[in-house]
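Chemist: based on what follows, work out the 3D shape:
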Amino acid sequence: MAPRWKWKGAEAKALGEPISKSVSELQLALAKTESLGSLSSCNVLLAVDTEQAELIDRCCFGRLVLSADKVKKWIQLTFEEAFFLLYNLKCIKISLPGRYLEDEVADTWLYMKSKRPNFPMFFKAYSHLRSKNWVLRSGLQYGVDFVAYRHHPSLVHSEYSVLVQSSDSDRLRVWSDIHCAVRLSGSVAKTLLTLYVNGNFKEEDLNLPVCLEKYTVEEQTISRWSPELSREDDTKISKPTVSHLKTV
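Modeler: Residues are numbered from 1 along each chain as shown. Sure, this is the predicted structure:
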């Protein structure tokens, strides 16, 4: 499915301002001021200045929280977004109110895992696509885990609805589930992308982020059979087709 740009000139703007460039600028800006995020339940609140807030918006991390504070801007980050900035980009610090984090990265990882046991698998999936410069947002309203954009959502519609799977997952086990997921994605002009995240290690290995290196991620896109591909001289019954994701 080709990118669906939202307005004339959006593609040219995206090519002139690649996400990778904006992320590099954000990385430098946040690291310079040692920006601090605060763990709060199942998200992280990051305090930034106006310029940093604009960069964060360009890179599509988190959401701006309305506040009366005219000096600081507050950005609400998901666990995946916050840990990506902390662990992958190494440009923010994270604190837990009322608690000293002896090992910032390891303690943050354990906290997030305690709140969401499947966090390691989902973070691996998130970082896998985000490292390829795909923009990810919550896919809850579409019945999936994430939706993936080629560039900023203000410029282009999301292309993929993303489901995160593991070897012991019960999702998409039967054809009826696959057909439902594919039809739902197709009805909102998206391609269903499944990320199979698997790793060969013990449960205790998940207590440290180094376990991410042992995960493997397999990308598969699943699409509906198209009647244009079959004529009277080809009566073979087709099922949804599977192909590998083409990244930017």
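
Chemist: contact partners for Lys115?
Modeler: The contact partners of Lys115, by C-beta atoms under 8 Å, 6 or more residues apart in numbering, come to Ser41, Cys42, Phe79. Using the backbone N, CA and C atoms, a C-beta is placed for each residue, glycine as well.

Chemist: can you add distance to Val164, secondary structure and pLDDT and give those back as TSV?
Modeler: Listed next are those as TSV, based on distance: C-beta to C-beta, whole Å; DSSP: H, G, I helix; E, B strand; the rest coil; pLDDT from 0 to 100:
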residue	distance to Val164	secondary structure	pLDDT
Ser41	22	coil	85
Cys42	17	coil	89
Phe79	14	helix	97
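
Chemist: only whichever of these are buried, select them in PyMOL.
Modeler: Filtering these down to the buried ones (16 or more other C-beta atoms under 10 Å) takes a single PyMOL command:
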select buried, resi 79
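
Chemist: between the contacts of Lys115, which sits nearest Ser154?
Modeler: Phe79 (24.5 Å; C-beta to C-beta).

Chemist: excluding chain neighbours, what is closest to that closest one?
Modeler: Spatial nearest neighbour of Phe79, chain neighbours left out: Met112 (4.7 Å); criterion: C-beta to C-beta, 6 or more residues apart in numbering.

Chemist: equivalent analysis for Leu193, please.
Modeler: According to C-beta to C-beta, 6+ apart, the nearest residue to Leu193 is Tyr160 (4.2 Å).

Chemist: and Leu155, by the same measure?
Modeler: Per C-beta to C-beta, 6+ apart, closest to Leu155 is Ala10, 4.2 Å.

Chemist: quick check: that neighbour touching Pro153?
Modeler: No - using C-beta atoms under 8 Å, Ala10 is not in contact with Pro153, being 11.0 Å away.

Chemist: higher neighbour count, these two?
Modeler: Ala10 (17 against 14; other C-beta atoms under 10 Å).

Chemist: for Glu54, the count of nearby residues, please.
Modeler: Neighbour number of Glu54 under other C-beta under 10 Å is 15.

Chemist: any weak-confidence spans in this structure?
Modeler: Applying pLDDT under 70 to the chain flags the ranges 1, 226-248.
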